[in-house]
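Visitor: Let's see this in three dimensions:
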Amino acid sequence: MMFPPRQFRIWWEPSFSTGGGSNTAVWKFRFSSTLVTAAGSDVTVTGVGDGAGVGLYWTVASAATLDGDTFAGNVLANALISSNGGLTIECGRLASADANVTLIADSISIGCGTEGTIGFGSGGFDQAGGSNGQVPEPATLLLFGSGLAGLLAFRKRFFPVA
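Guide: A predicted model of the protein is given here:
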């Protein structure tokens with residue numbers, strides 16, 4: 001659904017509950033201008049089964065200002081994405097093509113499960129690929145550094161530079 005160019009404000013608390021228990025329900029909203037949510041508003045999703053393949057996308061041609069308490073889904077904007085603070089993004093991402101994403105004391109939940117009313121799986125942004133590498137412990141680095149220092153001292157003692 002494409003909305004005509006103008007600033008759109010969400011003054012009510014939309015709850016997308018037409019998933020019917022489907023694990024693959026997807027909602028896509030395209031705004032040809034600005035998206036602003038009202039202070040204290042909640043955008044939530046219910047009735048989506050375990051949420052393994054569910055997605056909610058807010059595509060904005062200009063800027064997005066999220067002033068509500070709770071916002072569900074992925075916001076994809078061409079310009080600035082901002083919040084006045086205290087926002088909780090449930091199971092979603094914020095991505096701006098040309099500007100900053102400014103958050104003030106906000107939280108973003110990337111892990112989505114079946115708890116509560118939100119269940120989006122990965123929110124449509126699956127991270128395919130291998131596992132993360134292990135990060136060495138500080139003791140391992142200390143041992144490696146000690147061994148390297150010992151080798152340098154050995155070299156300096158037995159192979160002096162002329």
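
Visitor: Quick one: the helices in this structure, in order.
Guide: 138-158 (DSSP state H).

Visitor: for it, which spans come out with low pLDDT?
Guide: 1-23, 47-53, 110-136, 162 (pLDDT under 70).

Visitor: repeat that for 90
Guide: Within the chain, the stretches with pLDDT under 90 are 1-61, 65-75, 83-94, 98-100, 102-144, 155-162.

Visitor: So T37 sits against T65, correct?
Guide: Yes - assessed by C-beta atoms under 8 Å, T37 is found in contact with T65 at 7.1 Å. From N, CA and C alone the C-beta is placed, and that goes for glycine too.

Visitor: which of the two has more neighbours?
Guide: T37 (25 against 19; other C-beta atoms under 10 Å).

Visitor: Identify the bridge partners of that one.
Guide: Beta bridges link T37 to I10, L66 when assigned by DSSP bridges.

Visitor: how much space between it and F31?
Guide: Counting by C-beta to C-beta, to the nearest Å, the separation of T37 from F31 is 12 Å.

Visitor: what does A72 give?
Guide: Taking C-beta to C-beta, one finds A72 at 16 Å from F31.

Visitor: Comparing those two, which residue is more hemmed in?
Guide: Using other C-beta under 10 Å as the criterion, A72 and F31 rank with A72 on top: 27 against 21.

Visitor: For that one, give its distance to R30.
Guide: 17 Å.

Visitor: repeat for A61
Guide: Between A61 and R30 the computed distance is 8 Å (C-beta to C-beta).

Visitor: which one of these two has more residues nearby?
Guide: Neighbours were counted for A61 and for R30 using other C-beta under 10 Å; A61 has more, 17 against 13.

Visitor: wait, doesn't the more buried one sit right on L35?
Guide: No - checked against C-beta under 8 Å, the pair A61 and L35 is beyond contact range at 9.4 Å.

Visitor: Give the residues shared as contacts by these two.
Guide: Common neighbours of A61 and L35 are listed as A77 (criterion: C-beta atoms under 8 Å, 6 or more residues apart in numbering).

Visitor: residues touching L76, list them.
Guide: If a contact means C-beta under 8 Å, 6+ apart, then L76 has 57-60, 95, 97 as its contacts.

Visitor: Spell out for me the PyMOL command that would select the buried members of those.
Guide: Only the buried entries of these go into this PyMOL selection, using 16 or more other C-beta atoms under 10 Å:
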select buried, resi 57+58+59+60
